[in-house]
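Novice: Requesting a structural model of the entry that follows:
(chains A, B, C and D)
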Number of protein chains: 4
Amino acid sequence: MLIVMRLDSPKEDIERVKNKIINESCSPHEIPGASKLAIGITGPTHKLNEEDYQLLPSVEEVVRVTKKYKLVSRMMKNEDTLIDVNGDIIGGKELTIIAGPCSVENRDQAFTIAESLAKMGVKFFRAGAFKPRSSPYSFQGLKEKGLQILNDIKHEFDLRIVTEVMNQNTVSQVAEVADILQIGARNMHNFAMLDEVGRLNKPILLKRGMSATVEELLLSAEYILSHDNYNVLLCERGIRTFETSTRNTLDLNAVPVIKKHSHLPIIVDPSHGIGIWDKVPAMALAGIAAGADGLMVEVHHKPEEAISDGFQSLTPQSFEMLINKIKQIAPIVDKELCLN
Amino acid sequence: MLIVMRLDSPKEDIERVKNKIINESCSPHEIPGASKLAIGITGPTHKLNEEDYQLLPSVEEVVRVTKKYKLVSRMMKNEDTLIDVNGDIIGGKELTIIAGPCSVENRDQAFTIAESLAKMGVKFFRAGAFKPRSSPYSFQGLKEKGLQILNDIKHEFDLRIVTEVMNQNTVSQVAEVADILQIGARNMHNFAMLDEVGRLNKPILLKRGMSATVEELLLSAEYILSHDNYNVLLCERGIRTFETSTRNTLDLNAVPVIKKHSHLPIIVDPSHGIGIWDKVPAMALAGIAAGADGLMVEVHHKPEEAISDGFQSLTPQSFEMLINKIKQIAPIVDKELCLN
Amino acid sequence: MLIVMRLDSPKEDIERVKNKIINESCSPHEIPGASKLAIGITGPTHKLNEEDYQLLPSVEEVVRVTKKYKLVSRMMKNEDTLIDVNGDIIGGKELTIIAGPCSVENRDQAFTIAESLAKMGVKFFRAGAFKPRSSPYSFQGLKEKGLQILNDIKHEFDLRIVTEVMNQNTVSQVAEVADILQIGARNMHNFAMLDEVGRLNKPILLKRGMSATVEELLLSAEYILSHDNYNVLLCERGIRTFETSTRNTLDLNAVPVIKKHSHLPIIVDPSHGIGIWDKVPAMALAGIAAGADGLMVEVHHKPEEAISDGFQSLTPQSFEMLINKIKQIAPIVDKELCLN
Amino acid sequence: MLIVMRLDSPKEDIERVKNKIINESCSPHEIPGASKLAIGITGPTHKLNEEDYQLLPSVEEVVRVTKKYKLVSRMMKNEDTLIDVNGDIIGGKELTIIAGPCSVENRDQAFTIAESLAKMGVKFFRAGAFKPRSSPYSFQGLKEKGLQILNDIKHEFDLRIVTEVMNQNTVSQVAEVADILQIGARNMHNFAMLDEVGRLNKPILLKRGMSATVEELLLSAEYILSHDNYNVLLCERGIRTFETSTRNTLDLNAVPVIKKHSHLPIIVDPSHGIGIWDKVPAMALAGIAAGADGLMVEVHHKPEEAISDGFQSLTPQSFEMLINKIKQIAPIVDKELCLN
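Specialist: All right, here's what the predicted structure looks like:
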């Protein structure tokens, strides 16, 4: 349920509404918009009486939400969510580029790639310190040492760091370095983890599970928002189908569907989405054309030597050519590419 | 196997090669390119001795093809195939727009839509006279009467007609009216039909089956080419996955994969691919950005009254807005939108 | 819509109902049951007035069918359909075994296998004369010659022949030899073919398409029944999923779902369903335990030399061991194994 | 890599082998079999020299394992793993029944169901105290209170408790009550959790992820075994496909595939696998016939009032009828139903 109030409602009117909600064993979530103030209600809302709220001062409208997800939906908040990452905005008109290697392999590798990306004006650097791998015998990342390298890169090049957290016990450790914490596809349904990062005051990039529906992705985001962390970026990274000529099937349908139903920004990861480097640029452009708010692209200066995912990584040179194409497509879909 | 010869090879040298192939119980397929002449060989090629051919006059190279498909592959012919449809070219630099209603419903409806499309400069008109439907009780098309209406539209507006054939016994009847015969997704694996249209001298638009891999689509095209009909357009129209918020999952990965391995043009059908009209333009633009050679879009002047697929049809007005966006994106991916 | 009448209704009462249906532009389908006579109605039934029929003599009940499929449903006919194949019954309590090689390869191979199966008491022999193959360069079957061999086997061993038809133009030719015509998975959505075999007076074995839903399978069967051929056996043969360790994913869920909603017999094909010979017996037993009315199993005396599908074929020896297990499981699920 | 030694090897010979492995930066895993002792080696085994080991006393053979998974494979250990749960054995000839409600809803409900199951001789009681739910607003289980009820049931009825752990921080708390800890489908790829339960000395029931391949399931089990917890039961519970008439597609193909490649027991969950109660018995029998080592079935005395998954729950009455059928099928597939 959703209470729509005037944006200039007196504080006491807002408090009265929120207290009434709490008294009825539900939780109020204040969602300020451009022209209205919405108070989302979660919990056993079927017991609430709409008319009781309609009569309270400053209340304009009471709306029942029929979708399973509430806080992430456009019904709760019609305007696009803008996420402020230390001064850089994601969402709205901004087209965001997140780039970097699959893993931090060593200081040299990470610094070399970070430097070339920073020169191109890229603001967001991605690289894994903790790597989820199907096999226990595959490279699992440099872990703490990797985080340290990312921290140094952050300060050396003034880059925003995007890195994955895959263990509840290391959330706070990762959060000290990361500007955006990534929840990988394999943890999209790890609800204990979603609860944990919902309590942080940091942006979260939530990847769609390999066989998750769009509704399930939105419900996983809802877990995070329900703890009052509204800074969630969604990420489409390919789903699992019968097709074997590509690593995954990038589901770009998800982009306009999510833009319609949710106010959260949606990022496309063409590197995992197709999994073959020479076809990544085509899918990157397609993602932008479909209306995505940004891209996450794997870049490695020596893809053939990469410890993980080299086959899907662009070189800095081919990535720069892609950036030039993106610059041209962005305005056609009403976006501005935000590079330094 | 593939014999590469000089483009200026004397006729007798070419005949000598072809006769030798025939004598060894295989079939030669002459494929002229920009700089070379290739002679593709199909049949029991494992029995052929490469050296026997290497020594023949005018032969430059003998190549073993390891992919299951041969004639459709870039190994056989590196240049993009250009298909001439009564003077209008599909493939190469050209970006082709095919538009029209799902079905011919009656003369008025078809003429109204055709007229508005012709005014926008659209050259290719699509509409079904024979409709494949899951249920025997759904509208199956106007059949012969529908073909007659399409024939009249063809002459009235000088439009090229694209329409589906779904019965082996009506192939010649449909071919009298159609400039391009469509093989629907449900018949991609109807090999008797593929053999039949392979013997025609008409362009064929071959849709990918709902759960066909890219390799299987190329092998179905190979059936048509093996009968020496090289005028095949491939069409990606969405595959079947677990996702339920969209009608199908448009697999745009298929576009760069096919462009890499085959010389045939690839068309994207965003209408079936996502199945919800207000999200069709996003997927149409994404298809172009991914490198498609054209789009096939459902357009209806009164979608809410359409007998079939109204929910995924654009109005002429929203289609015209889409055309304007396409015009801007085309040059970024090295294409020219070809409208009258 | 469905008109339920007394089984002993006078002929004139039945005719009155049928004529009324025809006068209202619909089609009546007479479906005699054990205790009632049902008249199924297809066509524009929404225009019919239920009360008009309720008042006619001998009419007991008028029922609206809400499923998309009608004639195949248990609403139309509650009793299991029994199919009489020249005196041998399929359906009901009978557990039917159909066995044989993927293809007729030559007279010796086919006769050797047929002989060993006949000795075990198997009544139904399967083997392909026309083979649908993804590639135009794969073995396409012995065609007419294969049919001739099947015809000879039929008379030599008194076996019922099950063989595939994949070309509309050869339906009558195949029907001369086959006791049961098989429509393969790739033609489940070839509606022109379904119409064609619907007009035959022969049993049809209809395989589920690789990505067809159960509802779509039932609707394809409905095409055949709507032409008044009620002798349809359904066949589950595995669907296409992301799993790569098996050829297909045998969907045994389909068995109890189909038994619930349809009166038609359902056969399980574990050979295509898992695609690895040493795991075929496990899936065959699972199919019986799930409630299937029979099995279709590939058997070859020299699997390692088979031209097609050898990897999924059992030898006559391992098939005989399977038969012994089936004999034991059958009575637990209220079936009787019918061997000669 | 794998070192095969005589079963009666002197302790010092075994120690010598293990020390050499450790000195080369790898880890030895002792796996006693019926006739041989195997020492599995994980870590950077490519650096090891096979001949160095072949010459050590008591060593019979050195084997390279080519599958990605090692400790779970039949190459490492050919005999079926038997898991001892406080005196009750799972695996081998035993056919194990795990039954109970989806969730502990309250003391009365759980006790009522537990009592009726105990009376039938069921030894393993399943019920969730912590429930993973797609929506944050769905019932999440009674949590600690639920565990307390399960603990009381354990002692009251001498039942072994199977319950899910979905939060790394509650592993030890759940392990105090549970005899078998369940890792749900959504956490199959939560590697931090797998590491955690690998360090326990308790049996783990690992469910296959909704879109996990069989190989990935085995690799997730490998995580647990690599921490030297060998007491892992695998569980097939249905995968996600395009089919919509059932909740999931129970992939029984997985049963013979896993039995072939792994020594771990495999349990089938027909309740989630088909998701419709009246079709659960058919799939339960099919699972046994396919060769499963046991079943996990949802049972509720008032399914229509269940807080979660009532639609897929059997009543104790219908469950008892199923047990009777299982008793008959078990010996046919060389199993013994183990009830009290």
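
Novice: Can you flag the residue of chain A lying furthest from its geometric centre?
Specialist: In chain A, the residue that sits farthest from the middle, by Cα atoms, centre = their mean, is A:L55; the gap is 38.0 Å.

Novice: What separation do you get for the residue of the stretch 201-340 of chain A found nearest chain D and chain B?
Specialist: Across the stretch 201-340 of chain A, the shortest distance to chain D (Cβ to the nearest Cβ) belongs to A:S211, at 3.1 Å. Quick note: C-beta positions are derived from backbone N, CA and C, even for glycine. According to Cβ to the nearest Cβ, to the nearest Å, A:S211 and chain B sit 6 Å apart.

Novice: and the nearest residue to that residue once chain neighbours are set aside, how many neighbours?
Specialist: The shortest distance from A:S211 to any non-neighbouring residue, by Cβ to Cβ, 6 or more residues apart in numbering or on different chains, is to D:S211 (3.1 Å). By other Cβ atoms under 10 Å in any protein chain shown, 23 other residues sit near D:S211.

Novice: before we move on, what about A:I89?
Specialist: For A:I89, the count of nearby residues is 14 (other Cβ under 10 Å).

Novice: tell me which element it falls in.
Specialist: strand A:88-90 (DSSP states H and E).

Novice: Name every strand pairing with that strand and say which way it goes.
Specialist: Partners of strand A:88-90 in the sheet, by DSSP bridges, are strand A:83-85 (antiparallel).

Novice: Check which residues of the partner strand are buried.
Specialist: Residues A:83, A:85 are the ones in strand A:83-85 that count as buried (16 or more other Cβ atoms under 10 Å in any protein chain shown).

Novice: Centre of the chain to that strand, how far?
Specialist: Put simply, strand A:83-85 sits 11 Å off its chain's centre (Cα atoms, centre = their mean, to the nearest Å).

Novice: what sits against A:M5?
Specialist: A:13-14, A:17, A:36-39, A:58-60 (Cβ atoms under 8 Å, 6 or more residues apart in numbering or on different chains).

Novice: Recalculate using a threshold of 10 Å.
Specialist: A:13-14, A:17, A:30, A:36-39, A:56-61 (Cβ atoms under 10 Å, 6 or more residues apart in numbering or on different chains).

Novice: do the same with A:I161
Specialist: A:85, A:100, A:114, A:124-127, A:129, A:147, A:150-151, A:153-154, A:174, A:177-181.

Novice: on that earlier part again, possible to save the contacts of A:M5 as TSV with neighbour count?
Specialist: Formatted as TSV, the contacts of A:M5 follow (neighbours: other Cβ atoms under 10 Å in any protein chain shown):
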residue	neighbour count
A:D13	16
A:I14	19
A:V17	23
A:E30	13
A:K36	17
A:L37	20
A:A38	22
A:I39	22
A:L56	14
A:P57	12
A:S58	17
A:V59	19
A:E60	13
A:E61	13
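
Novice: Now go through those residues and say which are in strands.
Specialist: A:30, A:36-39, A:59-61 (DSSP state E).

Novice: Between those residues, which sits nearest C:P136?
Specialist: The nearest member of those to C:P136, counting by Cβ to Cβ, is A:A38 at 61.1 Å.

Novice: Not counting sequence-adjacent ones, nearest residue to that closest one?
Specialist: Counting by Cβ to Cβ, 6+ apart, the residue nearest A:A38 is A:I31, at 4.5 Å.

Novice: How many residues are close by that neighbour?
Specialist: 20.

Novice: so what's it scoring on pLDDT?
Specialist: Per-residue pLDDT puts A:I31 at 83.

Novice: That one is in contact with A:L7, isn't it?
Specialist: No: proximity of A:I31 to A:L7 does not meet the contact threshold set by Cβ atoms under 10 Å, at 11.5 Å.

Novice: and the closest residue to A:A185 other than its chain neighbours, what does it touch?
Specialist: Excluding the flanking residues, the one nearest A:A185 by Cβ to Cβ, 6+ apart is A:K207, at 4.5 Å. Residues in contact with A:K207 (Cβ under 10 Å, 6+ apart) are A:164, A:182-188, A:217, A:220, A:233-238, A:267, A:269, A:272, A:296.

Novice: Over to A:S58?
Specialist: So A:S58 contacts A:3, A:5-10, A:12-14, A:16-17, A:37 (Cβ under 10 Å, 6+ apart).

Novice: any idea which of these is closest to chain D?
Specialist: Nearest member of these to chain D, counting by Cβ to the nearest Cβ, is A:I3, at 17.3 Å.

Novice: Show me how far the one helix or strand that closest one maps to is from its chain's centre.
Specialist: Counting by DSSP H and E, the element that carries A:I3 is strand A:2-6. On the basis of Cα atoms, centre = their mean, strand A:2-6 is displaced by 27 Å from the centre of the chain it belongs to.

Novice: Buried residues in it, which are they?
Specialist: Result for strand A:2-6 [16+ other Cβ under 10 Å]: buried residues A:2-5.

Novice: ok, now which ones touch A:D334?
Specialist: A:93, A:95, A:291.

Novice: Report the buried members of the residues you listed.
Specialist: A:95, A:291.

Novice: Residue numbers of the stretch 101-250 of chain A in contact with chain B?
Specialist: A:211-215, A:218, A:238-250 (Cβ under 10 Å from any Cβ of the partner chain).

Novice: Alright, that wraps it up for me.
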